[in-house]
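# fold the following, please.
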Amino acid sequence: MAQKKLPVIKASSLQVDIKDDGDLQKNAWRIEPETNPDVYTTSAKKVTFYTDIDSISFNVDPKIGTYDFVILLNGKDSARTQVKYQPSRLDMLKKADKYNYADNRFVPSFTYQQADHPALVKIRTDLKLDSIAGKGSELSQVFNLLHWVHNLIKHDGSSDNPSLKNAIDLINTCKANNRGVNCRMLAIILNECYLSLGIKSRYITCMPRETKFDDCHVINMVYIKDLDKWIWIDPTFDAYVMDEKGNLLGVQEVRERLIKGQPLVLNADANWNRETLQTRKGYLENYMAKNLYRLETPVASEYNAETWTKGGSITYVELLPLDGIEQSPQKKESTLTQSGVKFIQYKTNNPNLFWTKPQ
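Reported below is the predicted structural model:
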């Protein structure tokens, strides 16, 4: 590499704008001469770096893979920089389209706690959910509760989970400490609210292909009797998804449409903490395309499902495509040493078992 004469662009500011295809990102890059090379990964076909006084473009060929150049800062500091092709998360998801509908390995049947359970009755009463949900259709109640939870509690992805993980205690903890919770806790709160009104729902962990990761996302799947289907509900982003005709979609339908390149419509007011509006491309094609590779949900949708009590247990089922990294063991049991809680995890390649409708 030292023998190759690299292209050089000049800069007097550390901040660089980058255009990936037609998407311009302001201040997307910070020049770091001490990093050698400083690598920018992209799935775009054309990439342009804009310094405050210069620019350079590359037509990215996946077969070539890398493009090196130098940013000369203030005429003296050379920052060797590299543009590196990396398949997009959507491209990776498209390779995960195959399941095995004939997979008949045992997984437990999903259950939903009845609304007359004392703990759910208390949630419904103490949180005044009848007033919040309103007297309209089941679908209108689902949306009213979604908006309420989203607006009531801020999302804080870096927060520690409280020890008591149920709707009332989570809400009280957030109010008392002026804090937020992560996406998992938001989905648990909303799930218990739905169950308390007799609405069947589960919270579902959406994960990338990697088995070790530092980011995933948890949303709700809610069964609407009038539509006879599951729909996508995300309290973190106050989000739901439709097709081009305005029909509400479930998680499995969104995944299939992303893979097939079919139209998807995100509700216009989807947002993060009432601060940042979400876009279809950013939320679905980038963020959720990464997190729809593998899906996991508890077998029992119930109150206090993830408050770990000594000697307790919780069972999950994971749906993974045929090219998932860890296909076995199909059943795994583990116990946390400190709490004594047992985790039982099943795997399936059969979507029909995972998306089965409530009885």
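# where along the stretch 51-200 of the chain do the strands fall?
When secondary structure is read from DSSP state E, counting those that start in this stretch, the stretch 51-200 of the chain shows strands at 55-59, 66-73, 77-85, 111-112.
# where does the prediction get shaky in the stretch 201-350 of the chain?
Applying pLDDT under 70 to the stretch 201-350 of the chain picks out no residues at all.
# where exactly do the strands run in it?
Counting by DSSP E, counting those that start in this stretch, residue ranges of the strands within the stretch 201-350 of the chain are 201-207, 217-224, 229-233, 241-242, 265-266, 271-272, 276-277, 294-298, 300-301, 313-319, 331-335, 342-348.
# just put those in CSV and tack on mean neighbour count and distance to Tyr99.
(Glycine included, C-beta is placed from N, CA and C.) Conversion of those to CSV gives the following (neighbours: other C-beta atoms under 10 Å; distance: least, C-beta to C-beta, whole Å):
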stretch, mean neighbour count, distance to Tyr99
strand 201-207, 23, 16
strand 217-224, 24, 17
strand 229-233, 23, 17
strand 241-242, 22, 20
strand 265-266, 20, 25
strand 271-272, 16, 31
strand 276-277, 12, 34
strand 294-298, 21, 11
strand 300-301, 20, 23
strand 313-319, 18, 8
strand 331-335, 12, 19
strand 342-348, 17, 9
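# mind checking the end-to-end distance for stretch 226-246?
End-to-end distance of stretch 226-246 (C-alpha to C-alpha, to the nearest Å): 16 Å.
# and it, how far out from the chain middle?
When C-alpha coordinates are averaged (C-alpha atoms, centre = their mean, to the nearest Å), stretch 226-246 and its chain have centres 15 Å apart.
# sketch out the helices for the stretch 251-359 of the chain, chain order is fine.
Residue ranges of the helices in the stretch 251-359 of the chain, as given by DSSP state H, counting those that start in this stretch, are 251-260, 289-291, 351-354.
# most tightly surrounded among those?
Among these, helix 289-291 has the highest mean neighbour count (mean count of other C-beta atoms under 10 Å), at a mean of 22.
# that helix packs against which elements?
Here helix 289-291 touches helix 89-94, going by 3 or more C-beta pairs under 8 Å, 6 or more residues apart in numbering; DSSP states H and E.
# if you set the cut-off to 10 Å instead, what comes out?
Contact here means 3 or more C-beta pairs under 10 Å, 6 or more residues apart in numbering; DSSP states H and E; on that basis helix 289-291 packs against helix 89-94, strand 201-207, strand 217-224, helix 251-260.
# quick one: buried residues of the first one?
Of the residues in helix 89-94, those buried by neighbour count under the rule 16 or more other C-beta atoms under 10 Å are 89-90, 92-93.
# and that helix, what does it pack onto?
helix 251-260, helix 289-291.
# again with the second one
Counting contacts by 3+ C-beta pairs under 10 Å, 6+ apart, strand 201-207 is packed against helix 183-196, strand 217-224, strand 229-233, helix 251-260, helix 289-291, strand 294-298, strand 300-301, strand 313-319.
# closest to Asp38 out of these?
Within the helices and strands packed on strand 201-207, the stretch nearest Asp38 is helix 289-291; the backing value is 23.1 Å (C-beta to C-beta).
# touching that closest one from outside, list them.
The contact list for helix 289-291 (C-beta atoms under 10 Å, 6 or more residues apart in numbering) reads 88-94, 205-210, 213, 215-219, 254-255, 258-259, 281, 283.
# keeping just the C-alphas, turn stretch 247-265 into CSV.
Output in CSV follows, covering the C-alpha atoms of stretch 247-265 (Å, rounded to 0.1, in the frame of the first residue of the first chain):
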residue,chain,number,x,y,z
ASN,A,247,-53.9,-2.7,5.7
LEU,A,248,-52.2,-3.3,9.1
LEU,A,249,-49.4,-5.8,9.0
GLY,A,250,-48.0,-8.2,11.4
VAL,A,251,-44.3,-8.9,12.1
GLN,A,252,-44.1,-11.8,9.8
GLU,A,253,-45.7,-9.8,7.0
VAL,A,254,-43.3,-6.9,7.4
ARG,A,255,-40.4,-9.3,7.3
GLU,A,256,-41.6,-11.0,4.2
ARG,A,257,-42.3,-7.7,2.4
LEU,A,258,-38.8,-6.4,3.3
ILE,A,259,-37.3,-9.5,1.8
LYS,A,260,-39.4,-9.4,-1.4
GLY,A,261,-39.1,-5.6,-1.8
GLN,A,262,-42.8,-5.0,-1.5
PRO,A,263,-44.3,-1.6,-0.4
LEU,A,264,-44.4,-0.8,3.3
VAL,A,265,-45.9,2.2,5.0
